[in-house]
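[1] Model the following, please.
(one chain, ligands or ions: 2)
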Amino acid sequence: MPRRIKIFDTTLRDGEQSPGCSMNMSEKLRMAEQLDALGVDVIEAGFAIASPGDFQAVKSISGVVKNATVASLARALDKDIKVAYDAVKDAVRPRIHVFLATSDIHMEYKLKMTREEVLKRTFDAVSYAKSLCDDIEFSAEDASRSDPDFLCRVLEEAIRAGATTVNIPDTVGYAVPDEYGELISYVIKNVKGIENVDVSVHCHNDLGMATANSLAAVKAGATQVECTVNGIGERAGNTALEEVVMALYTRKNFFDADCGVDTTQIFKSSKLLSMITGVKVQPNKAIVGENAFAHEAGIHQHGVLANKKTYEIMTPESIGLTENKMVLGKHSGKHALSDRLRSLGLTVTDEALAEIFDEFKKLADRQKSVSDRDIEALVHKKSVSVPESYKLDRFVINVGNTITTTSAVRLDCPDGQKREVVTSSAFGPIDASYKAINDIVGGESFELVDFLIDSVTGGTDAQGAVTVKIKSEGNVYNGHAVSLDIVNAAVMAYVSAINNMIYDKSLVKGGDN
Ligand code: KIV
Ligand code: ZN
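    Numbering: from 1, shown residues only. Ligands and ions are numbered 1, 2, ... in the order given. Sure, this is the predicted structure:
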């Protein structure tokens, strides 16, 4: 009987912490629901004490997740632990995740604590967490650079105080597989009570070995792997969920282990995260990259046509990458669209279906055929939308290579009025339009920090997808739009980022603890 490895997903905490990957509340909720559908065992929803927004996000996620355990991170401080508990307590399965560093360098320079103080703080913090919640994970930050004997003593204290999972992170991505596997074996052999708890690993990818290290740890006896979708995370990222899961799936006999993830949800999870954050995965990324299942070389194509197993160690279908042979176009009806949505695993309300169908028709008029990627982009637009405080009514742009561009933008405003501003810019239509929108929105203070433009499929008639990131009071808010007209997408994405900012701020204000 293969060992059952738990998958702990930290896309919404360690992943979200990385530059360019921040998500607003409705995006986090959408992602959390998808992670639940993916079948991960634990969703680390955030670091509740970090800000009122983080607290509210962890609390809201705790309310929507049906199957997975929901965890919040906390430093080994009573106030952090209490706030973490308040954020997760309504989850079906709540967990508090307490961490404290154990390497000499972290203890001396960051914590300014002695070894004895770290031992005592571990016991006290875990005991307090345990008085609030049954399921407690303790992480020894920078474990891979800690003195192994001291690390064992700390983990023993955590278990004595009631920890149900102990985590041994390679916080700075320094470990190599043999050495990390040996560390896990050493801990398992030398920590009293470890046979009664889960042994977790959490690796960073600074040397490109996060997945290899995590799998070496599984071989050595680890029972939980911490990871993120697409490997997003601090610096070079965290262990990629899809790599660990597909390695266990494809090499089940070698590892004598498997996990509870529904592999057919992997591609959808990866796509959703990219669409939300605007951060695409590299084309040659293992499992979820655009080229992961593409065979270009003639000799490979010949082999695959003769027998797929010549060059394919796993099938595209196993990660949910299905190729629909039936093309949708302008003669396709609502029924066909609804069937395709179902086969793509996308659920929408009847009202949303009607709106998506309208947009699908417009697209089909312009493009000969509408691809699955186009359909996903249309659905995504609907699924993470928030109340529209501002709505684009119209814009008129006068542009040319011998004149200064002017843009007149008219928005429907929250007070029910339509307001129009005309501005000019030497930097082109998007800059001119954004200036006009800034003037209309007036009272809100924010700055544009990123602008990403992409096409949903190939060709000059493809839909343009724009992701805009704006920053206000230290938080980043994303806006997305897809349109056949790239300037239209850019304007709508900017308005959507502003609406997301207003909505998130209102939720945080409403939910202050
Ligand atoms: O990398 C790390 O050590 C962490 C811990 C807080 C688990 O993210
Ligand atoms: Zn980490």
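[2] hey, let's count contacts and neighbours off CA atoms from now on
    OK.
[3] And for the residue in the stretch 51-200 of the chain that ligand 1 sits nearest to, nearest residue in space, chain neighbours not counted?
    Using Cα to the nearest ligand atom, the point where the stretch 51-200 of the chain gets nearest to ligand 1 is residue 171, with a distance of 3.7 Å. For residue 171, ignoring the flanking residues on the chain, the nearest one in space by Cα to Cα, 6 or more residues apart in numbering is residue 142 at 4.9 Å.
[4] How about residue 60?
    Distance criterion Cα to Cα, 6+ apart; nearest residue to residue 60, sequence neighbours excluded, is residue 29 at 7.3 Å.
[5] The one you found is in what secondary structure piece?
    Residue 29 belongs to helix 25-38 when elements are defined using DSSP states H and E.
[6] Please work out the average pLDDT along that helix.
    pLDDT averaged over helix 25-38 equals 94, rounded to a whole number.
[7] just checking, what packs against the following helix or strand past that helix?
    Heading C-terminal from helix 25-38, the first helix or strand you meet, by DSSP H and E, is strand 42-46. Under the contact criterion of 3 or more Cα pairs under 8 Å, 6 or more residues apart in numbering; DSSP states H and E, the helices and strands touching strand 42-46 comprise strand 3-9, helix 25-38, helix 52-64, strand 69-75.
[8] Recalculate using a threshold of 6 Å.
    Using 3 or more Cα pairs under 6 Å, 6 or more residues apart in numbering; DSSP states H and E as the contact test, the elements touching strand 42-46 are strand 3-9, strand 69-75.
[9] partners of the first one, with directions?
    Sheet partners assigned to strand 3-9 using DSSP bridges are listed as strand 42-46 (parallel), strand 224-227 (parallel), strand 257-259 (parallel).
[10] Report the buried residues of it.
    5, 6, 7, 8, 9 (16 or more other Cα atoms under 10 Å).
[11] what angle sits between it and strand 69-75?
    Between strand 3-9 and strand 69-75, the angle formed by their directions is 60 degrees, by axes from the mean of the first three to the mean of the last three Cα atoms, to 10 degrees.
[12] residues in contact with the closest residue to residue 320 other than its chain neighbours?
    Nearest in space to residue 320, with sequence neighbours left out and distances taken as Cα to Cα, 6+ apart, is residue 264 at 3.9 Å. Residues counted as contacts of residue 264 (Cα atoms under 6 Å, 6 or more residues apart in numbering) are 318, 319, 320.
[13] Same list, the helices and strands packed on strand 42-46, but as TSV with mean pLDDT please.
    Formatted as TSV, the helices and strands packed on strand 42-46 follow (pLDDT from 0 to 100):
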stretch	mean pLDDT
strand 3-9	98
strand 69-75	98
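[14] Can you tell me the closest non-neighbouring residue to residue 265?
    residue 38 (5.3 Å).
[15] What of residue 103?
    When the adjacent residues along the chain are set aside, residue 103 lies closest to residue 146, with 4.0 Å between them (Cα to Cα, 6+ apart).
[16] That neighbour contacts residue 101, correct?
    No. With contact defined as Cα atoms under 6 Å, residue 146 and residue 101 do not form a contacting pair (8.8 Å).
[17] what's the residue in the stretch 351-500 of the chain that ligand 1 sits nearest to sitting at in phi/psi?
    Taking Cα to the nearest ligand atom as the measure, the stretch 351-500 of the chain has residue 475 as its residue closest to ligand 1, at 20.3 Å. The phi and psi torsions at residue 475 (degrees, to the nearest 10) take the values phi -100, psi 150.
[18] Tell me how many other residues surround it.
    The local packing count at residue 475 equals 16, with neighbours defined by other Cα atoms under 10 Å.
[19] Where does pLDDT dip in the stretch 301-450 of the chain?
    Within the stretch 301-450 of the chain, the segments meeting pLDDT under 70 span 301-304, 323-326, 345, 381-385.
[20] Please enumerate the helices of it.
    With helices called from DSSP state H, counting those that start in this stretch, the stretch 301-450 of the chain shows them at 334-343, 350-366, 372-383, 429-441.
[21] List the buried residues for stretch 392-412?
    Residues 392, 395, 397, 405, 406, 407, 408, 409, 410, 411, 412 are the ones in stretch 392-412 that count as buried (16+ other Cα under 10 Å).
[22] Test my guess that the residue of the stretch 51-200 of the chain closest to ligand 1 contacts residue 144.
    No. Taking Cα under 6 Å as the definition, residue 171 is not a contact partner of residue 144, at 7.5 Å.
[23] Looking at the two, which is more packed in?
    Neighbours per residue, other Cα under 10 Å: of residue 171 and residue 144, the larger number sits with residue 144, 25 against 21.
[24] residues contacting that one?
    Contacts were defined as Cα under 6 Å, 6+ apart; by that measure residue 144 touches residue 170.
[25] Just to be sure, it is in a helix?
    Yes. The assignment for residue 144 (DSSP: H, G, I helix; E, B strand; the rest coil) places it in a helix.
[26] That one and residue 207, how far apart?
    With the distance defined as Cα to Cα, to the nearest Å, residue 144 ends up 14 Å from residue 207.
[27] what do you get for residue 368?
    Using Cα to Cα, we find residue 368 at a distance of 45 Å from residue 207.
[28] returning to that earlier point: let me know the pLDDT of the residue nearest to residue 320.
    The confidence metric pLDDT takes the value 96 at residue 264.
[29] cool, the one 5 residues further on as well?
    Model confidence at residue 269, given as pLDDT, is 95.
[30] what's the offset of the host helix or strand of it from the middle of its chain?
    Assigning secondary structure by DSSP H and E places residue 269 in helix 266-277. For helix 266-277, the distance from its own C-alpha centre to the chain's C-alpha centre is 8 Å (Cα atoms, centre = their mean, to the nearest Å).
[31] Next, the buried residues of that helix.
    Judged by neighbour count (16+ other Cα under 10 Å), helix 266-277 contains these buried residues: 266, 267, 268, 269, 270, 271, 272, 273, 274, 275, 276, 277.
[32] Likewise for stretch 111-119?
    Of the residues in stretch 111-119, those buried under the neighbour-count criterion (16+ other Cα under 10 Å) are 113, 115, 118, 119.
[33] just to revisit the earlier point, check the buried residues of stretch 392-412 and tell me the two furthest apart.
    For the buried residues of stretch 392-412, the maximum inter-member distance is 23.2 Å, found between 405 and 412 (Cα to Cα).
[34] Show the pLDDT at the closest residue to residue 233 other than its chain neighbours.
    Taking Cα to Cα, 6+ apart as the measure, residue 233 lies nearest to residue 15, with 3.8 Å between them; neighbours along the chain are not counted. Looking at residue 15, its pLDDT is 97.
[35] Can you get me a residue count around residue 15?
    Residues contacting residue 15 under the criterion other Cα under 10 Å number 25.
[36] What strand or helix carries the closest residue to residue 366 other than its chain neighbours?
    Across the structure, with Cα to Cα, 6+ apart as the measure, the residue nearest residue 366 apart from its sequence neighbours is residue 461 (6.9 Å). Counting by DSSP H and E, residue 461 is held by no secondary-structure element, helix or strand.
[37] For the stretch 151-300 of the chain, give me the ranges with low pLDDT.
    Along the stretch 151-300 of the chain, segments meeting pLDDT under 70 span 295-300.
[38] Alright, I will stop here.
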